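Participant: dropping a prediction and its sequence here:
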Number of protein chains: 2
Amino acid sequence: MSYYLHHGEALAFIRTLPDACVDALVTDPPYSSGGQYKGDRTSKTSAKYQRNDAGKRFPDFSGDSRDQRGYLAWCTVWLSEVYRVLREGAPVVLFTDWRQLPTTTDALQCGGFTWRGVVPWNKPHPRPSKGRFAQGSEFVVWGSKGAMADDGPCHALTPWIFSPPHFTRKIHLTEKPVELLREIVRIVPPGGTVLDLFTGSGATGEACIREGRDFVGCELSAEYYALAKERLERLPSLDG
Amino acid sequence: MSYYLHHGEALAFIRTLPDACVDALVTDPPYSSGGQYKGDRTSKTSAKYQRNDAGKRFPDFSGDSRDQRGYLAWCTVWLSEVYRVLREGAPVVLFTDWRQLPTTTDALQCGGFTWRGVVPWNKPHPRPSKGRFAQGSEFVVWGSKGAMADDGPCHALTPWIFSPPHFTRKIHLTEKPVELLREIVRIVPPGGTVLDLFTGSGATGEACIREGRDFVGCELSAEYYALAKERLERLPSLDG
DNA sequence: CCTTGCGATGAATCCATAT
DNA sequence: GATATGGATTCATCGCAAG
């Protein structure tokens, strides 16, 4: 139930960690997705993912402008380093959207992990799209460092259906619901340590604290680092 | 509300069809998945996907023994030919499991189509797996032949949650629920024609008939061809 | 305190226009 | 000609203000 939050770049941070010191990676990297055109990637995240008249609500986040080759290469680099700091059999859980899903499964395996599945996060009421299927899901790509123990409780026994945090209450544009993250971090035994390289608003940290798992987070942006820190500091009093 | 069922090999059948004669492809190819090891692919489907004591329940189906490269190449061949027989803007809908999902998105694009999304089919009660996330979803990879019309109704406005057909009532081992297929074929305007190259038990044909879409199916196995034919023939009387 | 109504929103997508 | 920008579109939901 302790946590540590680091302000800085992810790869540099991992390299400071000793071997086999964490029990899982649960992280939500910037997808570098969100559009058919190059301009959709190169514009600011606040403009890319939001209506024009709402463009000023959330601070921009960086690292969201790679093409597919670059995304694969970048993920491979930090996943390879994460491999070293994970314990044998530890799970790796990566968020992605439909566009980057295949690249993410490649990256997981390029990093040396065994790919074990894809679990959809279903949003109950996606934005409609005329004449087509709505895109109402993001995806969790997961695997492990080598063989996994096949004891322990079962997970994801029912479909994951969670609304995204409401815009008036969320801190980060792409923040995930804490209820979903609580389901996910329960794959780590109680007291285990979860690493998140792209902490953002710190939702994964909150999930860990609420579920009794230790949390090690890393965030590049000073603004989000401060927001995540504040969020986690405020948390124990909520439980009181 | 008419249907045509062909007994024979898929690629040879497509080649007999004229250009731009169908409004959608909705099909469930043999995944060639179902195992981590080579032996898992080369064994009989009836043994591969079923418990030993149930091994004689369903007839074998063929074409389920390709590795990933072979699966990509094979899908690319028939998808390229399907491109020709589809009308401009027509949707393509392919079932896949998590293991073949990335290969399927590659194949769709190798066939010349625009990839537009991934929609999960969520099973309400997946088989639990100790210490891991259950694999409770299959996936619909979809796209279109070029630009799509952006009129028409919206689809998939809520997550797809459907139980697989009960084993006492299903004909094919990997049969999809008709309710799910009805949701899917509604993306074709009423009266449009849906092509299915791997008809199996004919569930997609039943969905088309119930939704007032025309159906053109193709099945290689004499046994399943007869079963699908019987299923569709029996259907009009059910509507009364 | 409860109900009603209005407005804003969404890891979106497409096309027309501008650079 | 290729890329970048801006506007319009979909509707169930939630927050908030008004009654």
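Facilitator: Done, it's in.
Participant: C-alpha only now, for contacts and for neighbours.
Facilitator: Will do.
Participant: what's the weakest-modelled helix or strand in chain A?
Facilitator: helix A:38-42 (a mean of 61; mean pLDDT, DSSP states H and E).
Participant: contact partners for the residue lying farthest from the centre of chain A?
Facilitator: Largest separation from the mean C-alpha position in chain A: residue A:131, at 31.2 Å (CA atoms, centre = their mean). Contacts for residue A:131 were tallied using CA atoms under 8 Å, 6 or more residues apart in numbering or on different chains; they are B:149-155, B:187.
Participant: how close does the residue most central in space within chain A get to residue A:142?
Facilitator: The residue lying closest to the centre of chain A (CA atoms, centre = their mean) is residue A:28, at 1.9 Å. Noted for residue A:28: a distance of 12 Å to residue A:142, by CA to CA, to the nearest Å.
Participant: could you pull up the contacting residues of the closest residue to residue A:185 other than its chain neighbours?
Facilitator: Leaving out its chain neighbours, the residue that sits closest to residue A:185 by CA to CA, 6 or more residues apart in numbering or on different chains is residue A:208, at 6.5 Å. Taking CA under 8 Å, 6+ apart as the contact definition, residue A:208 lies against A:1, A:182, A:185, A:194, A:214-215.
Participant: so residue A:64 touches residue A:46, yeah?
Facilitator: No: the criterion here is CA atoms under 8 Å, and residue A:64 misses it with residue A:46 at 11.0 Å.
Participant: what sits in contact with each of residue A:28 and residue A:142?
Facilitator: residue A:94.
Participant: what's around the closest residue to residue A:186 other than its chain neighbours, how many residues?
Facilitator: In this structure, residue A:186 finds its nearest non-sequential neighbour in residue A:211, 7.1 Å apart by CA to CA, 6+ apart. Residue A:211: 19 surrounding residues under other CA atoms under 10 Å in any protein chain shown.
Participant: now do residue A:75
Facilitator: Using other CA under 10 Å, residue A:75 has 18 neighbouring residues.
Participant: OK, contacts around the spatially closest residue to it that is not a sequence neighbour?
Facilitator: Leaving aside its sequence neighbours, residue A:75 sits nearest to residue A:107 (CA to CA, 6+ apart; 5.9 Å). Counting by CA under 8 Å, 6+ apart, residue A:107 touches A:72-73, A:75-76, A:79.
Participant: which of the three states applies to residue A:107?
Facilitator: Following DSSP: H, G, I helix; E, B strand; the rest coil, residue A:107 is assigned to helix.
Participant: report the separation between it and DNA strand D.
Facilitator: The spacing between residue A:107 and DNA strand D, counted by CA to the nearest atom of the strand, to the nearest Å, is 25 Å.
Participant: cool, and residue A:114?
Facilitator: Relative to DNA strand D, residue A:114 is positioned 36 Å away (criterion: CA to the nearest atom of the strand).
Participant: again, but for residue A:128
Facilitator: 5 Å.
Participant: hang on, isn't that residue packed against residue B:152?
Facilitator: No: between residue A:128 and residue B:152 there is no contact under CA under 8 Å: 11.5 Å.
Participant: could you give the secondary structure assignment for the closest residue to residue A:63 other than its chain neighbours?
Facilitator: Leaving aside its chain neighbours, residue A:63 sits nearest to residue A:30 (6.2 Å; criterion: CA to CA, 6+ apart). Following three-state DSSP, the label given to residue A:30 is coil.
Participant: now do residue A:184
Facilitator: Put simply, residue A:184 is helix when judged by three-state DSSP.
Participant: now it: how far from DNA strand D?
Facilitator: Residue A:184 is 22 Å from DNA strand D, by CA to the nearest atom of the strand.
Participant: near chain B, which residues of chain A?
Facilitator: Within reach of chain B by CA under 8 Å from any CA of the partner chain, chain A has these residues: A:98-99, A:101-103, A:105, A:117-120, A:122-137, A:148-159, A:187.
Participant: PyMOL command to pick out the buried ones of these?
Facilitator: Selecting only the buried entries of the residues of chain A next to chain B in PyMOL, with 16 or more other CA atoms under 10 Å in any protein chain shown as the criterion:
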select buried, chain A and resi 98+99+101+102+103+105+117+118+119+120+122+123+124+125+126+128+129+131+132+133+134+135+136+137+148+154+155+156+157+159+187
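Participant: which ones among the residues of chain A next to chain B are found in helices?
Facilitator: If you go by DSSP state H, the residues of chain A next to chain B have A:101-103, A:105 in helices.
Participant: which one of those residues is nearest DNA strand C?
Facilitator: The shortest approach to DNA strand C among these belongs to residue A:101, at 12.1 Å (CA to the nearest atom of the strand).
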